[in-house]
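A.B. asks: Next one to model:
(one chain, ligands or ions: 2)
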Amino acid sequence: MSSNQTSLAGTRRGLLIILSSPSGAGKSTLAGRLMAWDASLSFSVSATTRPPRPGELDGREYYFRERADFEDMIDAGEMLEHAEVFGNLYGSPRAPVQEAIEAGRDVIFDIDWQGGQQVRNSTLSKDVVSIFILPPSIAELDRRLRARGQDSPDVIATRMAQSEAEISHWAEYDYVLVNEDIDETEEKLKTILTAERLHRDRQPGLAGFVRELNAEFRERVT
Ligand SMILES: Nc1nc2c(ncn2[C@@H]2O[C@H](COP(=O)(O)OP(=O)(O)O)[C@@H](O)[C@H]2O)c(=O)[nH]1
Ligand SMILES: Nc1ncnc2c1ncn2[C@@H]1O[C@H](COP(=O)(O)OP(=O)(O)O)[C@@H](O)[C@H]1O
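C.D. replies: Ligands and ions are numbered 1, 2, ... in the order given. Have a look, this model is predicted:
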């Protein structure tokens with residue numbers, strides 16, 4: 001590795017990778033697969049006022065908070081973005097995101113379209129890569145929500161009713177994937193991330209590297 005690439009690693013900022021979709025389209029599953037693929041990725045653990053599902057742990061899937069505590073966090077400016085979704089508050093704590101991207105680590109967000117808009121309109125907008133996940137059909141979305149087996153029929157009905165509104169924001173995203181086959185969608189996500197990283201890394205570092213190549217070339221021809 002050239003000295004130039006070493007200094008590049010120390011200065012580059014992480015990307016903010018936003019995954020949005022209607023509930024049940026598969027974004028949590030895909031986020032989990034990306035995390036398993038690349039241990040350097042950081043997951044933005046959101047805070048929420050919704051109660052934990054069986055098996056969910058405070059600080060792992062979400063920070064489960066009372067509404068008053070959540071509102072205190074908003075008032076203190078601790079949220080990068082926040083929104084009301086399905087009658088509960090959800091938000092991304094700012095500090096861990098800031099820390100990760102300054103250390104050059106890419107951060108995955110599993111947030112809705114409102115959060116996606118807020119992050120895209122924030123001071124971090126130039127580091128954002130946003131991806132919208134569509135289900136192959138509404139019948140399959142309904143089937144996946146039921147098959148997940150974690151929500152009551154009422155909760156599933158609310159999520160299905162909201163899915164059209166969530167889907168209506170698809171065109172605001174950089175990439176749109178139809179999650180039919182989970183392995184194929186995972187591969188496409190990895191390709192997007194790989195290409196976006198190459199794009200990010202070309203700006204600060206490559207001019208110096210090309211100078212090194214030119215110097216080597218001149219040494220050979222003289
Ligand atoms: N704006 C915003 N939305 C979030 C955040 N965390 C989760 N969400 C969204 O809230 C919705 C409900 O999430 P959840 O209750 O975990 O249900 P699930 O997506 O069906 O598993 C999903 O659209 C999430 O993407 C957040 O920090 N901010
Ligand atoms: N491509 C797919 N084909 C079939 N089932 C899927 C696919 N992607 C996800 N699932 C399943 O659908 C359910 C909802 O996925 P999940 O990742 O929880 O969705 P979201 O986070 O978008 O609400 C889960 O049971 C998951 O295993």
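A.B. asks: Name all residues that make contact with Leu193.
C.D. replies: Residues counted as contacts of Leu193 (CB atoms under 8 Å, 6 or more residues apart in numbering) are Leu15, Ile17, Leu34, Asp38, Asp106, Val129. (Each C-beta comes from the backbone N, C-alpha and C, glycine too.)
A.B. asks: what's the closest non-adjacent residue to the closest residue to ligand 1 within the chain?
C.D. replies: Here the residue of the chain nearest ligand 1 is Gly115; by CB to the nearest ligand atom that distance is 2.6 Å. Nearest non-adjacent residue to Gly115, counting by CB to CB, 6 or more residues apart in numbering: Glu81, 4.5 Å away.
A.B. asks: coming back round to it: can you check the pLDDT for the residue of the chain closest to ligand 1?
C.D. replies: With respect to pLDDT, Gly115 scores 98.
A.B. asks: now do Gln150
C.D. replies: For Gln150, pLDDT reads 85.
A.B. asks: What is the burial count for it?
C.D. replies: Residues lying near Gln150 (other CB atoms under 10 Å) number 13.
A.B. asks: which helices and strands does the helix or strand where the residue of the chain closest to ligand 1 lies pack with?
C.D. replies: Using DSSP states H and E, Gly115 sits within helix 113-120. For helix 113-120, the packing partners by 3 or more CB pairs under 8 Å, 6 or more residues apart in numbering; DSSP states H and E come out as strand 16-20, strand 79-85, strand 88-93, strand 107-110, strand 128-134.
A.B. asks: who in the chain is up against ligand 2?
C.D. replies: Residues of the chain lying near ligand 2 by CB under 6 Å from any ligand atom: 21, 23-29, 144, 147-148, 179, 181-182.
A.B. asks: which of the residues you listed count as buried?
C.D. replies: Ser21, Ser23, Gly24, Ala25, Gly26, Lys27, Arg144, Asn179 (16 or more other CB atoms under 10 Å).
A.B. asks: So which of those are in helices?
C.D. replies: Lys27, Arg144 (DSSP state H).
A.B. asks: out of the buried ones among the residues of the chain next to ligand 2, which touch ligand 1?
C.D. replies: Restricting these to contacts with ligand 1 (CB under 6 Å from any ligand atom) yields Ser23, Gly24.
A.B. asks: That concludes my questions; thank you for your assistance.
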